[in-house]
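In: Sequence and predicted structure below; questions after.
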Amino acid sequence: MVDGMDLDNSKKMTIIVTKGTLDWAYPPFILATTAAAMDVDVTMFFTFYGLGLLDKELDLKVSPLGNPAMEMPMMGGHMGMPNMIGMLPGVTSGATAMMKNMIKKKGVASIEELREAAELSDVRMIACQMTVDLFEKKKEDMIDGIEFGGAATWMESALASDINLYI
């Protein structure tokens, strides 16, 4: 600040992360790391089921239930997954195995790798304290280097941001 003027011209972005499945974990981390690589100051706020993405040990799954747009490449084409099939036993683990296999085969970074890239890129990661308390999460089970705060902590960043995303 010079003579009362804020000279910080950097772009800022916040992302509220609310989902914790494998397929929903990719968008916030890809957007955050891409923005950080473009010199955008990024803050991620992990709340409700998104909070699990900050656990040291991840065992993410894909849920075909409630995802009528889900298609998987099969036999040279794409096969749609009827929503009702997601209710059958074993479908979630099968869809998860197929997705993880596709990710590995195509050389896509894992969520752990993207999360580490976010850390190395100085992406600010805030764990929602209310959700930590609500779900009785243990801080020692979560990755190092994260902050704990509430909606007001996120709002401070959001009010100063050019881009605010809810994922």
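Out: Yep, it's here.
In: count of neighbours near Pro28?
Out: 27 (other Cβ atoms under 10 Å). Every C-beta, even on glycine, is put in place using the N, C-alpha and C of the backbone.
In: which element follows whichever strand or helix holds it toward the C-terminus?
Out: Using DSSP states H and E, Pro28 maps to helix 22-37. Using DSSP H and E, the helix or strand that directly follows helix 22-37 along the chain is strand 41-46.
In: Now tell me what touches that next one from outside.
Out: Here strand 41-46 makes contact (Cβ atoms under 8 Å, 6 or more residues apart in numbering) with 10-17, 28, 32, 35-36, 53-54, 118, 121, 123-128, 131, 153-154, 157-158, 161.
In: and what of stretch 155-167?
Out: Against stretch 155-167 from outside (Cβ under 8 Å, 6+ apart): 11-19, 24, 27-28, 31, 35, 40, 43, 45, 50, 124.
In: filter the residues you listed to the buried ones?
Out: Buried by 16 or more other Cβ atoms under 10 Å: 12-19, 24, 28, 31, 35, 40, 43, 45, 50, 124, out of the contacts of stretch 155-167.
In: Which element, helix or strand, includes Glu113?
Out: Assigned by DSSP H and E, Glu113 falls in helix 111-120.
In: Now do the buried residues in that helix.
Out: Using 16+ other Cβ under 10 Å as the test for burial, helix 111-120 gives Ile111, Glu112, Leu114, Arg115, Ala117, Ala118.
In: Show the contacting residues for the closest residue to the first one other than its chain neighbours.
Out: Looking back up the chat, that one is Ile111. Spatial nearest neighbour of Ile111, excluding adjacent residues (Cβ to Cβ, 6 or more residues apart in numbering): Ala25 at 4.7 Å. For Ala25, the contact set (Cβ under 8 Å, 6+ apart) comprises Lys19, Leu53, Leu60, Ile111.
In: Pick out whichever of those sits closest to Lys100.
Out: Leu60 (8.7 Å; Cβ to Cβ).
In: Please name the nearest non-neighbouring residue to the closest one.
Out: Using Cβ to Cβ, 6+ apart and skipping residues adjacent in sequence, the residue nearest Leu60 is Leu22, 3.9 Å away.
In: dump the residue contacts of the one you found.
Out: Going by Cβ under 8 Å, 6+ apart, the list of residues near Leu22 reads Leu60, Lys61, Val62, Thr96, Met99, Lys100, Ile111.
In: any idea which helix or strand carries the fourth one?
Out: Applying DSSP H and E as the criterion places Thr96 in helix 91-105.
In: Just the buried positions in that helix, please.
Out: Val91, Thr92, Ala95, Thr96, Met99.
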